[in-house]
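Student: let me see the structure of the following:
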Amino acid sequence: MKITAIDTCVLTVPTSRQMALEFPHHKLVVAEIATDEGIRGLGYSLVFSGGGAESVLAYLDARLKPLLIGEDPTAVERLWEKMYRGDRSVRRVGIAGMALSALDIGLWDIAGKAAKLPLHKLWGAVTDRVPCYGSGGWGKYGEKDLIAEAERYAGMGCRYYKMKIHDPDPLANRRRVEAVNKALGPGVRMMVDVNQKLDVPGNLRQAAVLEDLDLVWYEEPVLADDIAACAEVAGAIRIPVATGENSYTRYEFRELIERKAARYLMPDVCRANGFSETLKIGHLAAAHGIAVSPHLVYEISIQVCGALANGFLVELMDWMPPDLFEEIPACKEGHVRIPDRPGHGMALQRGAVSKYRSQGGRS
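Tutor: Here you go, the predicted model:
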């Protein structure tokens, strides 16, 4: 089997009503890989809030796509190494990491289809259903919107809900968390997300007023680049720290582990150089007794969690319009069942590309 073409584009997709209070849209960098045997693979990277999507596409088209044409798409590991080592002067983080991710996801989709297996089974499945947590609670939500969203996820059976703590006043964040906690009752546990907005002293003050609430985790306390600061926070507060959505390689995750900077690691398959690197990160975490809870894109992250004994939760966030994908895995009783379709199981709906394609975002 040989790769004959790779069609790429950027899609601008609107968000749901509540999320639109914070983000009106996201962008999707799409790569559809064609082969001489008629098997096609869908790869994509979700660029949250849309910033930089066109740059991801430009790097993918100019530097990575030419490396794959004519190659055997089922030799995924060899092609990953070819792309990862393709530019000695460009690290595979940020824009370059997201570009490689889209292609790696598409290659694995082909490999699964060729083997007639869903990816979690191709990798050695541990489960076919993965627990999920409802995610949102953005800073621009009023209390009514915040509680409505949390209750909607609880109505799907989610036993976990994550909200943001973005107010500069730690006590204001405490009040919002308490309001949601009271509305949800004892059947739902909560997490909070700082989104890198505080320094070490600020996190110590904030965590101190939340420590009695039995939170599952305290997420991304400091700038993702500052692993030493994250480790300092993790060692000083009584809430387990989660981080990793803005880490891109196994080497960054190795440092997080060695510094004891987190109890939960959160690689994003659209950022962390695709399925190939995310699986390595997951196995590295397993060797140190650390749970993995992939960030976003739950519809394909479930394949990773389904193949990891230390997979914990996937992040259920309704970032996509209902007419983007053909079949979207649903949350039932707090779990997402992994589709038994070959590959990662996702396909764009007919007409989605023409409807959502961004001007100038096609090649």
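Student: may I see the buried residues of the lengthiest helix in the chain?
Tutor: Identified as the longest helix of the chain according to DSSP state H is helix 94-115. Neighbour counts using 16 or more other CB atoms under 10 Å place 94-114 of helix 94-115 among the buried residues. To be clear about C-beta, it is placed using only N, CA and C from the backbone, and glycine gets the same treatment.
Student: cool, and stretch 164-181?
Tutor: 164-166, 170, 173-174, 176-177, 179-181.
Student: pull the most distant pair out of these.
Tutor: Checked with CB to CB, the buried residues of stretch 164-181 reach their widest spread between His166 and Asn181, with 17.4 Å between them.
Student: so where's the stretch 251-363 of the chain shaky on pLDDT?
Tutor: Low-confidence segments of the stretch 251-363 of the chain (pLDDT under 70): 359-363.
Student: tally of neighbours for Val29?
Tutor: 30 (other CB atoms under 10 Å).
Student: and the one helix or strand it maps to with helix 94-115, angle?
Tutor: Under the criterion of DSSP states H and E, Val29 resides in strand 25-35. Interaxial angle of strand 25-35 relative to helix 94-115 (axes from the mean of the first three to the mean of the last three CA atoms, to 10 degrees): 50 degrees.
Student: which residue, other than its chain neighbours, is closest to Val93?
Tutor: In space, and not counting its chain neighbours, Val93 is closest to Tyr248: 4.1 Å by CB to CB, 6 or more residues apart in numbering.
Student: what lines up beside the strand holding Val29 in the sheet?
Tutor: Here strand 25-35 has these sheet partners by DSSP bridges: strand 3-14 (antiparallel), strand 40-47 (antiparallel).
Student: pLDDT averaged over whichever helix or strand comes after the longest one - what is it?
Tutor: Next helix or strand after strand 3-14 toward the C-terminus (DSSP H and E): helix 17-20. When the per-residue pLDDT values of helix 17-20 are averaged, the result is 76.
Student: likewise for stretch 23-35?
Tutor: Mean predicted confidence for stretch 23-35 is 95.
Student: for that stretch, buried residues please.
Tutor: 25-35.
Student: just how off-centre is that stretch within its chain?
Tutor: Stretch 23-35 sits 14 Å away from the centroid of its parent chain (CA atoms, centre = their mean, to the nearest Å).
Student: send me it as CSV with only the CA atoms.
Tutor: Provided in CSV are the C-alpha atoms of stretch 23-35 (Å, rounded to 0.1, in the frame of the first residue of the first chain):
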residue,chain,number,x,y,z
PHE,A,23,-15.1,30.9,22.6
PRO,A,24,-17.3,31.5,19.6
HIS,A,25,-15.5,28.9,17.5
HIS,A,26,-12.5,26.5,17.3
LYS,A,27,-10.5,25.5,14.2
LEU,A,28,-9.7,22.0,12.9
VAL,A,29,-6.7,21.3,10.8
VAL,A,30,-7.7,18.3,8.7
ALA,A,31,-5.5,15.9,6.7
GLU,A,32,-7.2,13.2,4.6
ILE,A,33,-4.7,10.6,3.5
ALA,A,34,-5.4,8.6,0.3
THR,A,35,-3.8,5.3,-0.7
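Student: what's around Glu296, how many residues?
Tutor: Rather than Glu, residue 296 is Leu. 22.
Student: shouldn't Ile300 be within a strand?
Tutor: No. According to DSSP: H, G, I helix; E, B strand; the rest coil, the state of Ile300 is helix, so it is not within a strand.
Student: just give the nearest non-adjacent residue to it, would you?
Tutor: What sits nearest to Ile300 in space, not counting adjacent residues and going by CB to CB, 6+ apart, is His344, at 4.8 Å.
Student: show me where the stretch 201-350 of the chain has its helices.
Tutor: Assigned by DSSP state H, counting those that start in this stretch, the stretch 201-350 of the chain shows helices spanning 227-236, 250-258, 274-286, 298-305.
Student: domain parsing for this structure?
Tutor: Here the domain assignment for the chain is 3-116+350-362, 121-337, based on automatic domain parsing.
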